[in-house]
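1. sequence plus predicted model, see below.
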Amino acid sequence: MVISLDLITSVISFLFTLLILSYLIGDNPLFRIAVYIFVGVSSGYVAAVAWWQVIMPRLIYPLVYGSVLERSFIAIPLLGALLILMKIFPRWAGLARIAMAFLVGAGAAVIIAGALIGTLIPQISATINAFDVNSASVRNISVVEVIFNGAFILAGTVFTLIYFHFGASPKADGSMRRLGLIETSAWVGRIFIGITLGTIFAGVFAAALTALIERISALINFFGNF
Amino acid sequence: MRVLTAVIAIAAGVLIAGGYFFPALTDVQTLLLNWAIILAGFATLVGIFNLIAVHTGKIRRGEKGSVYSALLFIALVATLFFGMILRPDHSTMKIVMNGIIIPTEAALMGMLTISLLYAAIRLLRRRADMMGIIFLVTAALLMLGSATLPFGNIPLIGTLLSPWVTQILALGGARGILIGVALGTLTAGLRVLFGADRPYGGT
Amino acid sequence: MPDIIICPSCGENNLPDQEFCQYCQTRLQPLTGPLKGADAPIKPGQVPTKKNTAELEPILPQWLRDARDLARKDDQQAAQENLQQPAQSQPASSAKDLLAGLQSQAGDVKESDLPDWLASITGVISKSTKSQTESSDFRWVELGDKNDFAKDESAELSSDEPQPDEKDEVRDWFRNLGSSEQTQQPEQPESIENSFSGSSASDTPDLLRTIGGQEETANSADSADYSETGLGEPPTGIISESLKSTESATSANELPDWLSSDATIPPSTAVEDEPTAMEDVPFDDIEDESEAAALQSPSYTIFEEKSLEPAQEEHPLGWLDTFQPVSAHQPETPIEQADFTPLDFTEDSQVSDNLDELFIDIPDGLSSASEVPRSSIPTADTDSEVIAPDDLPSWVEAMRPVDHGISQLSSQTLESGGALAGLAGVLPAAAGFAPMSKPNAYSIKSQASEEQQAQAALLEQMLTAETAPVPMASFSVLRTSRRLRWFLTFTIFIMIAIPLFLRTQMFSLPVGIPLAVNGALQVAQSIPEDAPVLVAFDYEPARVGEMEAAAAPMFDQMILLRHPHLTFISTNETGAILVERFISGPLAVHNYQSGIQYLNLGYLPGGQIGIRAFAQNPQITAPFDMSFSAAWDSAPLEGVNSLSQFAALIVVTDNADAARTWIEQTESARGGIPFVVISSAQAAPMIQPYYESQQISGLVSGLYGGALFEQYNAGRPGTARSYWDAFSLGMLLAMALVLGGGLWNFSLGLRDRAAAWEAQ
């Protein structure tokens, strides 16, 4: 009798699902066993992926089979990789700062440009364009509706931003409070933030519910296969 | 060392940022970014090695829960061993993914349903303010709007109110948050490029 | 700081034009003239350098030069008279008397190269009949070589003493000193006086008596300092040492009359130099003289035990025996050395530790006594009221070097008052010695201006607002309701499992396609045939059910209609294998083959960095596929060299940040190609603004979006449909529980708060 890989996968999947769901009746060793094994398996898998899909193709392969120019270019990241590996040894962990500095600098530049080009300018422009009456015909809605929606979007954007303005000045009684206009705007901003967070909560719940449905469906299908 | 790291971070940042705006620096940007990709991959390995070190330390010291650590270590080493030999895309390795990783993560995510529902029900017991009420009413409204009835969408709520809340009201708040995040990101990145912040340990 | 002068004595700030400290009257301005620089402190262990002060002789006043001449003439006679002086009357080279050192030096006069006038100075003094009121308050002055010092001092003093009737400044000054001491001397305890009346009192030089009286006065004000620092011990010990050592150099007859006069000064002994001993020991407990003497001479014990015994052996001077411990004077009540020591201060480690330092700090005149017989060391006395700086004669002031380099004298005692104010290291003093002058009066009134006070009040107000505790709304600690949790678990599981188990399709799929979903649909239907499409798979395995249900309808329709060549890449480590699962699962019906219809580029590390690099130059960033083959030569990527050459970009993600990163980093590289995001329901609210800003062409979110898309999928059943009943039931149940449970808990919360308020 040949046991198929799908059957093995189904059995293991069923077991691990049950072990994890056992947490609903309380914390228990079975749940912990499943979680620890999961962490170990995931880490091992990620390490294998990092080796086969990062180290091998991007570092070792060019170093072995690459041209002289490729090898010379790969020498620097190789050195950086060795420096990062120094983090393993506490005595030499300080050397890893060099490579980490490079990573941080590169990341900073990328997020600056991305935030500026990809979010700040387009989103501000879109907030302005929300009042574009020409879009009414494209969306097949009335101009009034465009302005109405645009006003809400603008108000939500501005008041939400104002809510995150925490600059305050001392009052006569010694308390620190924001300016009255900002305080009022922040209060309105809280309404928009509450709505947004409520929307996100509903989305998270929907995602979690879908995951639960998928798991229960998998359990039912496991029994259905027999 | 502090000066060296700061110089490296700033130089790398300036060259890469320049690649966005000056075509002449595009090749330099690509080169530096590919170097950073390799370093990021190595950082992942270092993180996993740290995980191994922590749990082997627990096993060696015989701490409470060292049995679980042993299980983790065995699972990790075995998966890594087979992954190195067979490669991650091998059919046998798919057992690991479809049999352990996906079911476990999905089950954990599914349990979140109960936790979220429980928290939402108890929210107003602890925090009965305007923010809490708006939050909960919005969530309930969108839950209702996401569902359908046997005869179709829930009238008014599913067809009008829920989309308007999602696409107009929530959009304004989300845009404000996004712009705020972008401003914060911009500030944080500029501080790194100016050397004011040195999260790489140069301070 | 150039604008102020810090007093080396008291540390107070003074104006630069002040000559004396306005707080302690210490000289602040350096001396000028020939003595400039003579005040440089001598460091411990430094051999004093000889300074030639003979050049000062021409500036001496006429009366002083006459005195010198007279001194020379009477030299021989003075020596004879001194030899006739009883040994007991030899002044113990008073610890306070500047001239005491001259006596010790006088013994060396004949042996050294001192000029005659200086050598005969003691003779002159002995001839003079100075009253006890002229007892000097001089102390050692640290100036160059001991011989030089003696030369200067004695030259001036000796010129004064042969002319007792002359009403000059020196005499007035000395007279005042003596009278002041007399008036300030307190009554000595009777028992002490009696105990020494037979021997010590009569034998003790008047100068020492004066010192004793003065010390007693001082100690009455601040005896604690002495007892703590043991200040009373070392000086007297040093005195005894110096007395002993002086014996070798000076005969007992050399003591001048004015120094030995004891007629009017109350009897005092060297014991009186030891106020600590006197205060520490109750007088009532002293039963006999010997015991009292033992108690009163602990410093002798220290001295003899630690350092003087060798000196005694080397310099067994007879006349100094009178200043030996009382046992020497009262042989009928011999006291053992061991009996001297039980007093606390004799055991004071500070004293014993600093004993060597005390000798090191001896002024130059005394420091040379390590080579020659030691001279007397004056006891510390800082009674600045006795001699005010203003009262000093000019020539004495000229002798007072003012120390600039106070920093070099950190280990030395600096005189803050009296004639020696400003001198350092003159008097040996134990560490911790503090001047006994009156504490300076400082105004405690704030001198801040009104504006400053207003600002301070504002700052205080701000700080108060910041640090004031903010009362937190009290609420009862909510315990986890296990019953509610189990109820929710049971209800949800039942409501989900039943439709899944029964495979019901009662609930209709959502109708009315939103604009965002419609945009995605348009992209799926409008891409060219066999066009390359880049797909980023960036979701966690946890959401594989939702993401596959949301993405499968679009890919199904797209493959069905346009047969695109799909290129997958993932910034998630597990994304690559999820692609394989997706292809072999929901899209299995299309039988897409790796390397032909689709290509899996695998894992792209680095997050935003990787995405930017890939967008900038995908060929360099991702050169291989999952099977380690050259990716860009394969069929799915034929003719593609850059991101903008793809027909469409589809991002499948459960993370709003991942979607934002793809949107941001490909903004400038993707050109005008369609960009669709298939997201989890949890990420959709934060991605919606990007659709509104038209940065993305379409958005399909969650199971709801997948269910919408499936309706345009030619009626092909999909995952979304199979989940939809359970999903709808679950959402309705959740809405009911949230609203119902929320209202119930809201009322409970109000009740709890009302109860709490009533309780308060």
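-> The structure has been received and is ready for your questions.
2. by contact count, what packs against the lengthiest helix in chain C?
-> When chain C is parsed with DSSP state H, its longest helix is helix C:719-759. Secondary-structure packing of helix C:719-759 (3 or more CB pairs under 8 Å, 6 or more residues apart in numbering or on different chains; DSSP states H and E): helix A:180-225, helix B:102-126, helix B:130-146, strand B:148-149, helix C:482-502, helix C:544-562, helix C:702-710. (Each C-beta comes from the backbone N, C-alpha and C, glycine too.)
3. so which of the ones you listed is the most packed in?
-> helix C:702-710 (a mean of 28; mean count of other CB atoms under 10 Å in any protein chain shown).
4. please name every helix or strand in contact with that one.
-> By 3+ CB pairs under 8 Å, 6+ apart, helix C:702-710 packs against helix A:180-225, helix C:515-526, helix C:544-562, strand C:698-701, helix C:719-759.
5. need the next SSE after the third one, C-terminal direction.
-> Remark: after helix C:544-562, the chain's next helix or strand is strand C:565-570, criterion DSSP states H and E.
6. the following helix or strand past that following strand: which residues count as buried?
-> Sequence-wise, the next helix or strand downstream of strand C:565-570 (DSSP H and E) is helix C:575-584. Across helix C:575-584, burial judged by 16 or more other CB atoms under 10 Å in any protein chain shown covers C:575, C:576, C:577, C:578, C:579, C:580, C:581, C:582, C:583.
7. list the contacts for the residue of the stretch 401-550 of chain C at minimum distance from chain A?
-> Closest residue of the stretch 401-550 of chain C to chain A, CB to the nearest CB: residue C:545 (2.6 Å). By CB atoms under 8 Å, 6 or more residues apart in numbering or on different chains, residue C:545 lies in contact with A:210, A:211, A:213, A:214, A:215, A:217, B:106, C:719, C:723.
8. I'd say the first one and residue C:727 touch.
-> Yes - checked against CB atoms under 8 Å, the pair residue A:210 and residue C:727 is within contact range at 6.5 Å.
9. shared neighbours, those two?
-> By CB under 8 Å, 6+ apart, the residues touching both residue A:210 and residue C:727 are residue C:703.
10. mind showing which ranges of chain A have poor pLDDT?
-> A:1-2, A:226 (pLDDT under 70).
11. got the contact list for the spatially most central residue of it?
-> Compute the mean C-alpha point of chain A, and by CA atoms, centre = their mean the closest residue is residue A:204, 13.3 Å away. By CB under 8 Å, 6+ apart, the contact set of residue A:204 is B:112, B:116, C:681, C:682.
12. ok, now with 10 Å
-> With contacts defined as CB atoms under 10 Å, 6 or more residues apart in numbering or on different chains, the neighbours of residue A:204 are B:109, B:112, B:113, B:116, B:139, C:680, C:681, C:682, C:683, C:685.
13. longest helix of chain B?
-> helix B:26-61.
14. tell me the helix or strand right after that one.
-> Following helix B:26-61 in sequence, per DSSP H and E, is helix B:66-86.
15. what's the burial count for residue C:596?
-> By other CB atoms under 10 Å in any protein chain shown, the residues close to residue C:596 number 11.
16. okay, the residue nearest to it when sequence neighbours are not counted and chain B: tell me how far apart.
-> Excluding its sequence neighbours, the residue lying closest to residue C:596 (CB to CB, 6 or more residues apart in numbering or on different chains) is residue C:635, at 5.6 Å. Distance, residue C:635 to chain B, by CB to the nearest CB, to the nearest Å: 19 Å.
17. residues contacting the residue of chain B most remote from its centre?
-> Within chain B, residue B:151 marks the point farthest from the mean C-alpha position, 38.8 Å out by CA atoms, centre = their mean. Shown in contact with residue B:151 (CB under 10 Å, 6+ apart): C:506, C:507, C:508.
18. can you flag which of these belong to strands?
-> Counting by DSSP state E, no part of the contacts of residue B:151 is found in strands.
19. give me the subset of these touching chain B.
-> Restricting the contacts of residue B:151 to those touching chain B (CB under 10 Å from any CB of the partner chain) yields C:506, C:507, C:508.
20. out of these, which are buried?
-> C:507, C:508.
21. just the ones next to chain B among the contacts of residue B:151 now: which is nearest residue A:198?
-> residue C:507 (23.6 Å; CB to CB).
22. quick check: phi and psi on that closest one?
-> With angles defined as degrees, to the nearest 10, residue C:507 sits at phi -80, psi 130.
23. is it true that it touches residue C:729?
-> Yes - counting by CB atoms under 10 Å, residue C:729 is a contact partner of residue C:507 at 7.5 Å.
24. which element is residue C:530 on?
-> Residue C:530 belongs to no helix or strand, assigned by DSSP H and E.
25. against residue C:563, how distant is it?
-> 6 Å (CB to CB, to the nearest Å).
26. residues shared between the contacts of these two?
-> Taking CB under 10 Å, 6+ apart as the criterion, residue C:530 and residue C:563 both touch residue C:597.
27. now stretch C:557-577: mean pLDDT?
-> Averaging pLDDT along stretch C:557-577 gives 92.
28. er, stretch C:458-468 actually
-> 81.
29. what's the answer for stretch C:606-613, then?
-> Mean per-residue pLDDT for stretch C:606-613: 93.
30. how about it and chain A, touching?
-> Yes - using CB under 10 Å from any CB, stretch C:606-613 reaches chain A at C:606, C:607, C:608, C:609, C:610, C:611, C:612, C:613.
31. with stretch C:487-499 instead?
-> Yes - counting by CB under 10 Å from any CB, contacts between stretch C:487-499 and chain A involve C:488, C:489, C:490, C:492, C:493, C:496, C:497, C:499.
32. quick check: mean pLDDT of that stretch?
-> pLDDT averaged over stretch C:487-499 gives 93.
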